[in-house]
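**Student:** here's my sequence, what's the structure:
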Amino acid sequence: MERIICLLIFLSLKIFAQDEFIFWAELSSKNLILFHQSQNISLAMTQSKNIISEFACEIPYNNNDLKQFPKTELGIIDNYMTKNIKLNFLNSHKEELIDCFTGVNVSIKDITKTDLMRAQNEIYIRILPLRFNVDFGLKSATIYYLKKK
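**Tutor:** Numbering: from 1, shown residues only. Model prediction:
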């Protein structure tokens, strides 16, 4: 009896639970020249509770993406692919992800130093860690920003 209940719980988590990811980024410039850029994506260790999904953007597939994705018997992209395939897709599209999340939890620090006729400018931009999930469609992946109610 316990085995059946455990199997039902595992099956329901497999069907209904989506993978969550965490994204954060840092950009720095000196005298209007970009000298540091870092975007990071990782799997979330826990599922969020009491969240609202908000559309962030769509990322179209390229030929390499279509070769990597597993397909169903009907030739449709299987949305229940492994986490590694999803993470590889997201890592290959980091530039598009930064455009998706530019307006969410951004910290900007601007420092200007002047000395007589010389000025130096430093700008630090940080996208604070945020959670999101991905839904794989026919032609593109849809990114949803997860925020608390």
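
**Student:** and I98, its phi and psi?
**Tutor:** In terms of degrees, to the nearest 10, the main-chain angles of I98 are phi -60, psi -30.

**Student:** wait, what's in contact with it?
**Tutor:** A25, Q39, I127 (C-beta atoms under 8 Å, 6 or more residues apart in numbering). To be clear about C-beta, it is placed using only N, CA and C from the backbone, and glycine gets the same treatment.

**Student:** same deal with S38?
**Tutor:** Per C-beta under 8 Å, 6+ apart, neighbours of S38: A25, E26, L27.

**Student:** so the first one versus R118, what's the distance?
**Tutor:** In this case it means A25. Separation of A25 from R118 (C-beta to C-beta, to the nearest Å): 30 Å.

**Student:** those two: which is more packed in?
**Tutor:** A25 (21 against 7; other C-beta atoms under 10 Å).

**Student:** can you tell me how far the more buried one sits from Q68?
**Tutor:** 24 Å.

**Student:** any chance you could map the helices in the chain?
**Tutor:** With DSSP state H as the criterion, the chain has helices at 2-16, 63-68, 83-92, 94-100.

**Student:** phi, psi for P70 please.
**Tutor:** P70 adopts backbone torsions of phi -70, psi 150, taken as degrees, to the nearest 10.

**Student:** contact partners for the closest residue to it other than its chain neighbours?
**Tutor:** Distances taken as C-beta to C-beta, 6 or more residues apart in numbering place D78 nearest to P70, at 4.6 Å, with adjacent residues excluded. For D78, the contacting residues are F69, P70, K71, T72, by C-beta under 8 Å, 6+ apart.

**Student:** so which of those comes closest to V106?
**Tutor:** F69 (31.5 Å; C-beta to C-beta).
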